[in-house]
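In: sequence? don't have it. structure:
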């Protein structure tokens, strides 16, 4: 009776099987095309396992188990002259075969493609096959078992998601470190020698446990368990499950801040004076101890003044890491997954190092830390960029004059491209992307300066404390209690963003009436062109052409590939190519890929780097 049951399963589900296999085939072709930019065609094997292997397992479990027991057609199978254990075993093995067949064919095609591009030795091929087989069997066993739980299957899947979140946030054990997912980690296509033996054994043991649980559930009380679970969930059960998940989510929120992370510490460096916020500057070649200590004191003094102005209770530890390898105008902040604080990097001691800009950058990152990164969301970002600049430049007439000139240049650039300030402030990340850091910060400073002058000291201080002085909670309450920027502005007596932009535009025009000759925005023509190489691959050519006869100064081309979900593009994430004449970027791009391109050149008049011709576009 086993062969007729197998034929029955294949005949019943053949249409869906063929459709799923076709989807897997199309997905494999897409993955193979994408792998040309990822170093090896074997990368497609990982994508096939994690994406299409998992989806196919879920679909098979739904067809072979959920549909069977949900429709009570398993009662017909129980009349056949074979035991329940045989029925479950046949279903399990048949669905596993339907999963392994397309995966094996896909693996073979990947090897054929990879054979001409990478070295394939038997050990490496067997290792890839073993990792894929064990992972697929685990996913199939999990999907099959969860499918047998009937009306509670969605609850179990949601519970697994919650478990992953808890493990990541509370136990510092992200799901990608779990043994089954270690088998298909990002390093899988390139690990030729080291076999993840422990992950293989643990995943195999988990698969065996799931199979045992599957048979226990299917055979318990002569199959009455799965019959009971196949019924629809009652209203009472829905209420209980919903309440349970809400309770778990609330407990997670409360436990989120169970223990603070240790403060970041610099092993070899100098520290600011006692009584001021703790600022450490690491020792580095080219930066004397006296210069490092002076920088630490100036930063600490500025942070203390901002703390008192905004009535902030606590500031983080700040660490400065001098780095002569980066551009003098490029400031970076480190991501600290296991410690707390603000760690910034800059070319301290370099010839064109902008210390005022670096101090403003550091203050901005401290305020962003205090707001739990809510101040850097786009509606408030221009205020976060402008307020630190305003604090640093408030007692420095030379800095204010330079920032005024830069803001006039920023407005001139925006008016030639976008028409005005109102959309620029509301879509600030796009504005920064177009203007670059120098002009973007200057424009944000000028908007903050205008608010300070128009509101007066008391009301502007009230606005600043409402924006940056209150530390929000680390849960959804912060989102629910956050007030719109227009509301905060109006509460302080300022106009809305749109009206503010119009008045600011008039003020900048009035200030820049006699400074047009000092604004170094020459009518250069910046051009990027996609030129086909072979097939659907393109190279990108760049050129900067001046309006007059003089050649353009040396410039840098900034570019990067843009994904569908990429938001803010930072200078640190962009590739750079220095040029003095038209040329070709050292990369190739397939048709349809989205890229960001821009040209940057240093302006002696503005004492910073200008960005020209910035845009996102599609290669075609």
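Out: Happy to help now that I have it. Just so you know, these numbers come straight off a predicted model, no measurement behind them.
In: so what's residue 211 closest to, chain neighbours aside?
Out: Spatial nearest neighbour of residue 211, excluding adjacent residues (Cβ to Cβ, 6 or more residues apart in numbering): residue 141 at 5.5 Å. Bear in mind the C-beta positions are built from the backbone N, C-alpha and C, glycine included.
In: wait, a helix at the one you found?
Out: Yes: residue state for residue 141 (DSSP: H, G, I helix; E, B strand; the rest coil) corresponds to a helix.
In: so it makes contact with residue 205?
Out: No: here residue 141 does not reach residue 205: they are 11.3 Å apart, not a contact under Cβ atoms under 8 Å.
In: which of the two has more neighbours?
Out: More crowded of residue 141 and residue 205, by other Cβ atoms under 10 Å: residue 141, with 23 against 12.
In: now do the contacts for that one.
Out: The contact partners of residue 141, taken as Cβ atoms under 8 Å, 6 or more residues apart in numbering, are 207, 210-211, 214.
In: columns neighbour count on top of these, output as JSON lines?
Out: Conversion of the contacts of residue 141 to JSON lines gives the following (neighbours: other Cβ atoms under 10 Å):
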{"residue": "207", "neighbour count": "20"}
{"residue": "210", "neighbour count": "19"}
{"residue": "211", "neighbour count": "18"}
{"residue": "214", "neighbour count": "23"}
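In: among these, which are in helices?
Out: Of these, the ones assigned to helices by DSSP state H are 207, 210-211, 214.
In: do a quick rundown of the strands in the chain.
Out: 269-271, 279-282, 318-322, 332-333, 342-346, 525-534, 537-545, 555-561, 575-579, 583-590, 594-603, 608-618 (DSSP state E).
In: redo those as JSON lines? Include mean neighbour count, distance to residue 310 and mean pLDDT.
Out: Converted to JSON lines, these look like this (neighbours: other Cβ atoms under 10 Å; distance: least, Cβ to Cβ, whole Å; pLDDT from 0 to 100):
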{"stretch": "strand 269-271", "mean neighbour count": "20", "distance to residue 310": "23", "mean pLDDT": "87"}
{"stretch": "strand 279-282", "mean neighbour count": "24", "distance to residue 310": "17", "mean pLDDT": "92"}
{"stretch": "strand 318-322", "mean neighbour count": "23", "distance to residue 310": "16", "mean pLDDT": "92"}
{"stretch": "strand 332-333", "mean neighbour count": "16", "distance to residue 310": "20", "mean pLDDT": "90"}
{"stretch": "strand 342-346", "mean neighbour count": "23", "distance to residue 310": "16", "mean pLDDT": "92"}
{"stretch": "strand 525-534", "mean neighbour count": "13", "distance to residue 310": "41", "mean pLDDT": "88"}
{"stretch": "strand 537-545", "mean neighbour count": "17", "distance to residue 310": "43", "mean pLDDT": "90"}
{"stretch": "strand 555-561", "mean neighbour count": "20", "distance to residue 310": "34", "mean pLDDT": "93"}
{"stretch": "strand 575-579", "mean neighbour count": "14", "distance to residue 310": "36", "mean pLDDT": "91"}
{"stretch": "strand 583-590", "mean neighbour count": "15", "distance to residue 310": "44", "mean pLDDT": "90"}
{"stretch": "strand 594-603", "mean neighbour count": "20", "distance to residue 310": "33", "mean pLDDT": "92"}
{"stretch": "strand 608-618", "mean neighbour count": "18", "distance to residue 310": "27", "mean pLDDT": "91"}
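In: which one of those lies closest to residue 64?
Out: In terms of Cβ to Cβ, the element of the strands of the chain nearest to residue 64 is strand 583-590, at 38.7 Å.
In: any idea of the angle that closest one forms with strand 537-545?
Out: Strand 583-590 runs at 150 degrees relative to strand 537-545, counting by axes from the mean of the first three to the mean of the last three Cα atoms, to 10 degrees.
In: that older thread, what's the most distant pair in the ones in helices among the contacts of residue 141?
Out: 207 and 214 (10.5 Å).
In: list just the nearest of the ones in helices among the contacts of residue 141 to residue 153.
Out: Residue 153 has its nearest neighbour among the ones in helices among the contacts of residue 141 in residue 214, at 13.0 Å by Cβ to Cβ.
In: run a quick neighbour tally on the residue nearest to residue 407 when sequence neighbours are not counted.
Out: Excluding its sequence neighbours, the residue lying closest to residue 407 (Cβ to Cβ, 6+ apart) is residue 446, at 3.7 Å. Counted by other Cβ under 10 Å, the residues lying close to residue 446 total 26.
In: could you check the pLDDT of residue 446?
Out: As predicted, residue 446 sits at a pLDDT of 94.
In: next up, the contacts around it.
Out: Shown in contact with residue 446 (Cβ under 8 Å, 6+ apart): 386, 403-404, 407, 504, 508.
In: same thing but at 10 Å, please
Out: Counting by Cβ atoms under 10 Å, 6 or more residues apart in numbering, residue 446 touches 386, 389-390, 400, 403-404, 406-408, 410-411, 421, 504, 507-508, 511.
In: which one (most neighbours) among those?
Out: Within the contacts of residue 446, most neighbours by other Cβ under 10 Å means residue 410, with 30 neighbours.
In: same for the longest helix seen in the chain, what does it pack against?
Out: Counting by DSSP H, the longest helix found in the chain is helix 2-35. Packed against helix 2-35, as judged by 3 or more Cβ pairs under 10 Å, 6 or more residues apart in numbering; DSSP states H and E, are the following elements: helix 43-47, helix 54-61, helix 67-70, helix 74-77, helix 84-115.
In: that one to helix 84-115, inter-axis angle?
Out: Per the same axes, to 10 degrees, the angle that helix 2-35 makes with helix 84-115 is 30 degrees.
In: and helix 2-35 with helix 54-61, angle?
Out: Here helix 2-35 runs at an angle of 160 degrees relative to helix 54-61 (the same axes, to 10 degrees).
In: how far does helix 2-35 sit from the chain's center?
Out: Distance of helix 2-35 from the chain centroid (Cα atoms, centre = their mean, to the nearest Å) equals 33 Å.
In: could you do stretch 188-196 as well?
Out: 27 Å.
In: tell me the buried residues in it?
Out: By neighbour count with 16 or more other Cβ atoms under 10 Å, stretch 188-196 contains the buried residues 188-189, 196.
In: repeat that for stretch 369-387.
Out: For stretch 369-387, by 16+ other Cβ under 10 Å, it's 369-371, 375-376, 380-387.
In: in helices, which of those fall?
Out: Those of these lying in helices (DSSP H): 369-370, 380-387.
In: and stretch 497-512, what's buried?
Out: In terms of neighbour count (16+ other Cβ under 10 Å), stretch 497-512 has its buried residues at 497, 500-501, 504-505, 507-508, 512.
In: pLDDT and distance to residue 557 added to these, as TSV?
Out: Shown next, in TSV, are the buried residues of stretch 497-512 (pLDDT from 0 to 100; distance: Cβ to Cβ, whole Å):
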residue	pLDDT	distance to residue 557
497	89	33
500	90	35
501	88	31
504	89	32
505	88	31
507	87	35
508	86	30
512	65	29
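In: using a markdown table, lay out the residues you listed together with distance to residue 301.
Out: Shown next, in a markdown table, are those (distance: Cβ to Cβ, whole Å):
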| residue | distance to residue 301 |
| --- | --- |
| 497 | 32 |
| 500 | 31 |
| 501 | 34 |
| 504 | 30 |
| 505 | 35 |
| 507 | 31 |
| 508 | 31 |
| 512 | 33 |
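In: ok, of those, which one's closest to residue 28?
Out: Of all the buried residues of stretch 497-512, residue 28 sits closest to residue 497, with 48.7 Å by Cβ to Cβ.
In: nearest spatial neighbour of the closest one, chain-adjacent residues omitted?
Out: Nearest to residue 497 is residue 425, by Cβ to Cβ, 6+ apart, at 5.3 Å.
In: over to residue 561?
Out: In space, and not counting its chain neighbours, residue 561 is closest to residue 595: 5.8 Å by Cβ to Cβ, 6+ apart.
In: can you give me the helices in the stretch 201-350 of the chain?
Out: Counting by DSSP state H, counting those that start in this stretch, the stretch 201-350 of the chain has helices at residues 224-229, 235-255, 289-310.
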